[in-house]
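Chemist: pasting the sequence and the predicted model now:
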Amino acid sequence: MIEVDVAEEQAHWLLLTYRCGLTARIVNEIITGWCQRQGRTLREFFRATTEEWRATCNLREKTIKKLEQISRPLREVAPNKNEIAAFNEQAALIKQLAFDSVYVLNRLDNKYPTILNTTLTREEAPPLLFYAGDLNILERNTVAIIGSRNANDNSVVFAREAARCLAEQGANVISGYARGVDRAAYEGATSTHGSTTVVLPHGINKTNNAQLYSLLPAIASGKALLLSQFHPNAAWMVSRAMERNKVVAGLAQIVIVTEAKPQGGTWNSALDALAQNRPVYACRTDTETQPEGNEALIERGARPLYWPSAAPPAATIDAPQANSELRKQQYSMITQQIANLLKEHAHVYNEH
């Protein structure tokens, strides 16, 4: 059970992050200036004067006005319950999350993934993370598998098999649990004894019944970690899915691209990883036509992961046997490549 003072402080974190209408950059600057440098709590922040805010956090007047709308009732000695409804709502939510075994991490928590502070900017790093499952999964080698929701069948099979190989070799497969590549990566990772981290594009309370039915056994068995950077009751939105993509790639020491166009979330995440000198790999098949984004990424420094896709001619072997032989060839090739890349980049894990 969460102690009262901890729960109260967490409620103030929710207020600052989600109810004041501030960008992640401003929230992170307040956290740095007030909590980290001054060693003071957010409870104290919301009860401080505007002069203290200006002196400590160098806030603009527009930001101060937004904060005052939430903080003014909290400064009262005996505030009206209706006036502090926003705080009471967050406090009740914190208690409910604890009851549901959902936990909260803030950016100052020792358990907050340090890699996010390295790979994401102050505008991108989530001030809060909500999670269910074994947080120790993040201590494993982390590899993100990213790609289109509308990927072709060959890319989906590649994502599933690559994830299975990674999990079998001890890596933590990071994905976004959307249809297409994300779901295939999750299925591949959980089909074996390995582990996976699912980063949601919505609040953790908005996981639908079908998703929960699939996720809960893996969470309970310690094979899956569920993460969300959004308010627990936040619904899915395109903009949130794009924000989620940054965290998926940001958690990864290695990024594998299954299918990309030279624009959009997959493309941008891969370019960010390349700019930070993180290893990026892109699927390359033996067909004449390659995904345009994959080839462009390889030209920019990504390395190819070869994936056979052409079956032997039908005249020499029947279709079922051809498919069987192809699957063996695919699995053998990707298994060896995954083993090599994990060995080659072993030093990356130690750095994080």
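Modeler: Looks like it came in fine.
Chemist: show the low-confidence segments of the stretch 201-350 of the chain, by residue range.
Modeler: Along the stretch 201-350 of the chain, the model assigns pLDDT under 70 to residues 310-323, 347-350.
Chemist: could you pull out the strands in it for me?
Modeler: 224-228, 254-257, 280-285, 303-307 (DSSP state E, counting those that start in this stretch).
Chemist: now the ones you listed as JSON lines including mean neighbour count and distance to residue 60?
Modeler: Every C-beta, even on glycine, is put in place using the N, C-alpha and C of the backbone. Shown next, in JSON lines, are the strands of the stretch 201-350 of the chain (neighbours: other CB atoms under 10 Å; distance: least, CB to CB, whole Å):
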{"stretch": "strand 224-228", "mean neighbour count": "24", "distance to residue 60": "29"}
{"stretch": "strand 254-257", "mean neighbour count": "27", "distance to residue 60": "36"}
{"stretch": "strand 280-285", "mean neighbour count": "24", "distance to residue 60": "38"}
{"stretch": "strand 303-307", "mean neighbour count": "17", "distance to residue 60": "45"}
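Chemist: would you list those strands in a markdown table and tack on distance to residue 67?
Modeler: Listed next are those as a markdown table, based on distance: least, CB to CB, whole Å:
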| stretch | distance to residue 67 |
| --- | --- |
| strand 224-228 | 25 |
| strand 254-257 | 37 |
| strand 280-285 | 40 |
| strand 303-307 | 47 |
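Chemist: who wins for proximity to residue 108 among the ones you listed?
Modeler: strand 224-228 (17.6 Å; CB to CB).
Chemist: gap between the closest one and the chain center?
Modeler: 8 Å (CA atoms, centre = their mean, to the nearest Å).
Chemist: what residue ranges in the stretch 1-150 of the chain score low on pLDDT?
Modeler: Ranges of the stretch 1-150 of the chain meeting pLDDT under 70: 1-4, 76-83.
Chemist: how near is the closest residue in space to residue 150 that isn't next to it in sequence to residue 271?
Modeler: Residue nearest to residue 150 in three dimensions, not counting chain neighbours: residue 180, with 6.1 Å by CB to CB, 6 or more residues apart in numbering. As judged by CB to CB, to the nearest Å, residue 180 and residue 271 stand 20 Å apart.
Chemist: now swap in residue 192 and tell me
Modeler: Per CB to CB, residue 192 is found 31 Å from residue 271.
Chemist: spit out the contact partners of residue 268.
Modeler: residue 245 (CB atoms under 8 Å, 6 or more residues apart in numbering).
Chemist: for residue 117, see how far away it is.
Modeler: Residue 268 is 20 Å from residue 117, by CB to CB.
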